[in-house]
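Trainee: no letters, just coordinates:
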């Protein structure tokens, strides 16, 4: 078992395959007693690998330890949003969409046009969002989907943007009521009542104070200028 | 009429939403959003009520005439039936 600190939580995490070893390296940290323990027994990994023949045991370990961590995170006022998170000038902006829509492409364009030293990717696929000391933070975690783009840091959440492809670039502020169905599609959705209540409790706080948008965009510089100029928060 | 088991109504940042939990969550992964009156009727229907009881509760709670309230209730029930959310 390995000791990590993720989203300001002490995590005892069992792993042995290369992807998890590489992804976890930046999060290793010593502590006495864990907040969360995640360990998937060998036989469970083997069973899941048999159920998912397109995945290796290495992939299974990476995917299911992430799912277990994010489920446990609900108990600590946090949740995962399937999104690419880019940080600029002290705020993190999350672009959320179904796989293959272009959320990573859009944040990569932010880096291209704003500069890679100014726009940094905190987590390219599954950032954690957690309230700490009354502030809603985005955290980098070892689980960042197919890429290794994640950073062990936390940054206050600036906005959540639901992204879709469009030939005409547009962005509009949306209501909580409009955002919730979109958001529920992009998180690990609990089936048990207790965990669902925990998720809705966090969302109640986070969504009340976070600007929410819908963005339709192509891959142009204009798309980046539109989204950046609309959602940026100036300190 | 009664709302089927396995649905949770909560207010999240001022919005009334219904999500399935338990076995229902496997068949239906959507979210239902309700306005204030819809949420009120949903809560009454969680305990079970017939049309007359719904009408009485709604007109007691809100300043609305019987005809309008009755039409609102019919529309709401039709929506619930369409989504198979009611036990008869």
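Mentor: Nice, thanks for sending it over. What you see is a predicted model; the values in this text were computed from it and never measured. Numbers count the residues shown, from 1 in each chain, chains lettered A, B, ... in the order given.

Trainee: please enumerate the strands of chain A.
Mentor: A:2-6, A:9-13, A:36-38, A:78-80, A:83-88, A:91-96, A:119-123, A:128-132, A:135-139, A:154-165, A:170-173, A:212-217 (DSSP state E).

Trainee: quick one, which of these is packed in tightest?
Mentor: strand A:83-88 (a mean of 28; mean count of other C-beta atoms under 10 Å in any protein chain shown). Backbone N, C-alpha and C define where each C-beta goes, glycine included.

Trainee: hang on, the earlier thing: so for residue B:10, which of the strands of chain A sits nearest?
Mentor: strand A:78-80 (14.7 Å; C-beta to C-beta).

Trainee: which elements pack onto that closest one?
Mentor: helix A:57-73, strand A:128-132, helix A:193-209 (3 or more C-beta pairs under 8 Å, 6 or more residues apart in numbering or on different chains; DSSP states H and E).

Trainee: in chain B, which helix has the most residues?
Mentor: Selection of the longest helix in chain B by residue count, based on DSSP state H, yields helix B:66-82.

Trainee: model confidence over stretch B:43-60, on average?
Mentor: Confidence over stretch B:43-60 (mean pLDDT, whole number) is 95.

Trainee: kindly report the same for stretch A:14-29.
Mentor: 97.

Trainee: so which of the strands of chain A comes closest to residue B:51?
Mentor: Residue B:51 sits nearest to strand A:212-217 of all the strands of chain A, at 37.5 Å, using C-beta to C-beta.

Trainee: tell me the mean pLDDT for that closest one?
Mentor: 98.

Trainee: that one and chain B in contact?
Mentor: No. Applying C-beta under 8 Å from any C-beta of the partner chain, one finds strand A:212-217 out of contact with chain B, separated by at least 9.7 Å.

Trainee: tell me the angle of that strand relative to strand A:154-165?
Mentor: 50 degrees (axes from the mean of the first three to the mean of the last three C-alpha atoms, to 10 degrees).

Trainee: what helices or strands is strand A:212-217 leaning on?
Mentor: Identification of packing neighbours for strand A:212-217 by 3+ C-beta pairs under 8 Å, 6+ apart yields strand A:154-165, strand A:170-173, helix A:176-184, helix A:221-231.

Trainee: among the ones you listed, which comes closest to residue B:9?
Mentor: helix A:176-184 (12.8 Å).

Trainee: which strands and helices sit next to the closest one?
Mentor: strand A:154-165, helix A:193-209, strand A:212-217, strand B:15-20, strand B:32-34.

Trainee: what angle separates the third one from helix A:193-209?
Mentor: Okay, so that is strand A:212-217. 80 degrees.

Trainee: that older thread, between the helices and strands packed on helix A:176-184, which one is nearest to residue A:182?
Mentor: Using C-beta to C-beta, these put strand A:154-165 closest to residue A:182, at 4.6 Å.

Trainee: model confidence over the closest one, on average?
Mentor: 98.

Trainee: hang on, the earlier thing: distance to residue B:47 added to the strands of chain A, as CSV?
Mentor: As requested, the strands of chain A are exported to CSV (distance: least, C-beta to C-beta, whole Å):
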stretch, distance to residue B:47
strand A:2-6, 43
strand A:9-13, 40
strand A:36-38, 38
strand A:78-80, 31
strand A:83-88, 39
strand A:91-96, 37
strand A:119-123, 44
strand A:128-132, 34
strand A:135-139, 36
strand A:154-165, 36
strand A:170-173, 37
strand A:212-217, 34
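
Trainee: so residue A:182 is in contact with residue A:94, correct?
Mentor: No. Using C-beta atoms under 8 Å, residue A:182 is not in contact with residue A:94, being 12.0 Å away.

Trainee: if I look at residue B:20, how far off is residue B:4?
Mentor: 9 Å (C-beta to C-beta, to the nearest Å).

Trainee: the more surrounded of the two?
Mentor: residue B:20 (22 against 15; other C-beta atoms under 10 Å in any protein chain shown).

Trainee: tell me what the more buried one is bridged to.
Mentor: residue B:7 (DSSP bridges).

Trainee: spatially central residue in chain A, please.
Mentor: residue A:127 (1.9 Å; C-alpha atoms, centre = their mean).

Trainee: who does the spatially closest residue to that one that is not a sequence neighbour bridge with?
Mentor: Spatial nearest neighbour of residue A:127, chain neighbours left out: residue A:85 (4.3 Å); criterion: C-beta to C-beta, 6 or more residues apart in numbering or on different chains. For residue A:85, the beta-bridge partners under DSSP bridges are residue A:94, residue A:123.

Trainee: show me which residues of chain A sit near chain B.
Mentor: Residues of chain A lying near chain B (C-beta under 8 Å from any C-beta): A:175-177, A:180-181, A:184-185, A:189-193, A:196-197, A:200, A:203-205, A:207-208.

Trainee: for ChimeraX, write the selection for the buried entries among these.
Mentor: Buried subset of these, written as a ChimeraX selection, criterion 16 or more other C-beta atoms under 10 Å in any protein chain shown:
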select /A:176,177,180,181,184,185,189,190,191,196,200,203,204,207
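
Trainee: cool, thanks, talk later.
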